[in-house]
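A.B. asks: Fold the following for me, if possible:
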Amino acid sequence: MAPEEAQVSVFDRGFMFGDGIYEVMAVYDGSVFTLDEHLRRLNRSLDAIRLESPHDDETWRQIIEQAVERGAESPAYLYLQVTRGVESPRSHVYPAAVVPTVLITVMASPILERKEIEPLKVITKNDFRWGRGDIKVTSLMANGLLKNEALAEGFDDAVLIRDGEVTEATAANVFIVKDGVIATPPKSPYLLHGITRDHVVSLAKKANMPLDERALTEDELLNADEVWITSTGYEVWPVCQVNDRFIGNGSAGVVWQEIDRLFQSSKD
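C.D. replies: Sure, this is the predicted structure:
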């Protein structure tokens, strides 16, 4: 239906409590990229918030394919959200009978066309978010605050630091390169287990490029030869500046160029 025709109850727990999870998927040439991986993470998130999935994987695939066909947009983002449904009166206690609310939207995404790559400027910020960043929940107030603080200070995004270590950006994973070795923080409860992150790790390993999944300090971030962020929207995007320090020569690095080439080839 048209967006202006869509309605959700004011008593939906997604509205009242942010009680829901979501996925964002890239659509290339009419097909959803890494769909199986997104469905696995969708199910992980639902399990983590103790919400039974309203569909099995095959039904999800059929619904998603129908949405892509009806949306007729490519490249595009497909946004899928599942909440714990409608409950009245409002209560913190989960309802006994849950009928989840499912929302899917498909919208054209110019950023995925990647006509030009302009490296980003990022600033480090204290990661004060809750301790389950691995669940892709709709409650993104803290991420929004940190992102908008960065924008107000003249940067494109924030890289978050917890106890001296890099976790992630506000909506992306973080990679660095030092002396030819790629490194990215390991999976933990403090950061999203990104589908694009995992895809980049796999591409690098298949190409026999040295890569470590290990803790990264803020000092390592500042002194890296290259810094990238990865997400469904950004794919793999270079960073030219962290705080007041330029990274490398301030342009996209050679390791990023090779990873980006591999990533673009993997979309075919």
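
A.B. asks: where along this protein do the strands fall?
C.D. replies: 20-28, 31-32, 76-83, 101-108, 120-126, 157-162, 165-169, 173-178, 181-184, 211-213, 226-231, 235-242, 245-246 (DSSP state E).

A.B. asks: Let me have the ones you listed in TSV, extended by distance to Ser139.
C.D. replies: C-betas here are computed from N, CA, C, even on glycine. Formatted as TSV, those follow (distance: least, CB to CB, whole Å):
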stretch	distance to Ser139
strand 20-28	8
strand 31-32	25
strand 76-83	11
strand 101-108	15
strand 120-126	18
strand 157-162	16
strand 165-169	16
strand 173-178	19
strand 181-184	25
strand 211-213	27
strand 226-231	18
strand 235-242	25
strand 245-246	33
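
A.B. asks: Adding distance to Gly133 and mean neighbour count, write those out as TSV.
C.D. replies: TSV is the format used below for those (distance: least, CB to CB, whole Å; neighbours: other CB atoms under 10 Å):
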stretch	distance to Gly133	mean neighbour count
strand 20-28	13	21
strand 31-32	24	16
strand 76-83	18	21
strand 101-108	22	16
strand 120-126	14	19
strand 157-162	9	22
strand 165-169	7	24
strand 173-178	11	24
strand 181-184	15	20
strand 211-213	16	15
strand 226-231	14	26
strand 235-242	20	23
strand 245-246	26	11
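
A.B. asks: Export those strands as CSV, with columns for distance to Trp256 and mean pLDDT.
C.D. replies: Converted to CSV, those look like this (distance: least, CB to CB, whole Å; pLDDT from 0 to 100):
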stretch, distance to Trp256, mean pLDDT
strand 20-28, 19, 97
strand 31-32, 25, 96
strand 76-83, 23, 98
strand 101-108, 26, 96
strand 120-126, 12, 98
strand 157-162, 16, 98
strand 165-169, 15, 98
strand 173-178, 7, 98
strand 181-184, 10, 98
strand 211-213, 13, 98
strand 226-231, 6, 98
strand 235-242, 5, 97
strand 245-246, 15, 96
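
A.B. asks: quick one, which of those is nearest to Val137?
C.D. replies: strand 20-28 (5.5 Å; CB to CB).

A.B. asks: what packs against that closest one?
C.D. replies: Other elements packing on strand 20-28 under the criterion 3 or more CB pairs under 8 Å, 6 or more residues apart in numbering; DSSP states H and E are helix 35-48, helix 57-71, strand 76-83.

A.B. asks: The first one vs strand 76-83, what angle?
C.D. replies: What that stands for is helix 35-48. Angle of helix 35-48 versus strand 76-83, following axes from the mean of the first three to the mean of the last three CA atoms, to 10 degrees, is 20 degrees.

A.B. asks: Which positions in helix 35-48 come out as buried?
C.D. replies: Neighbour-count burial for helix 35-48, counted by 16 or more other CB atoms under 10 Å, picks out Leu35, Glu37, His38, Leu39, Arg41, Leu42, Ser45, Leu46.

A.B. asks: Looking at the residues you listed, which one is closest to Phe128?
C.D. replies: Nearest to Phe128 among the buried residues of helix 35-48, counting by CB to CB, is Ser45 at 21.7 Å.

A.B. asks: Could you pull up the residues touching the nearest residue in space to that closest one that is not next to it in sequence?
C.D. replies: Nearest residue to Ser45, sequence neighbours excluded (CB to CB, 6 or more residues apart in numbering): Ile21, at 3.9 Å. Contact analysis of Ile21 by CB atoms under 8 Å, 6 or more residues apart in numbering lists Leu42, Ser45, Leu46, Ile49, Leu51, Gln81, Val82, Ile135, Lys136, Val137, Thr138.
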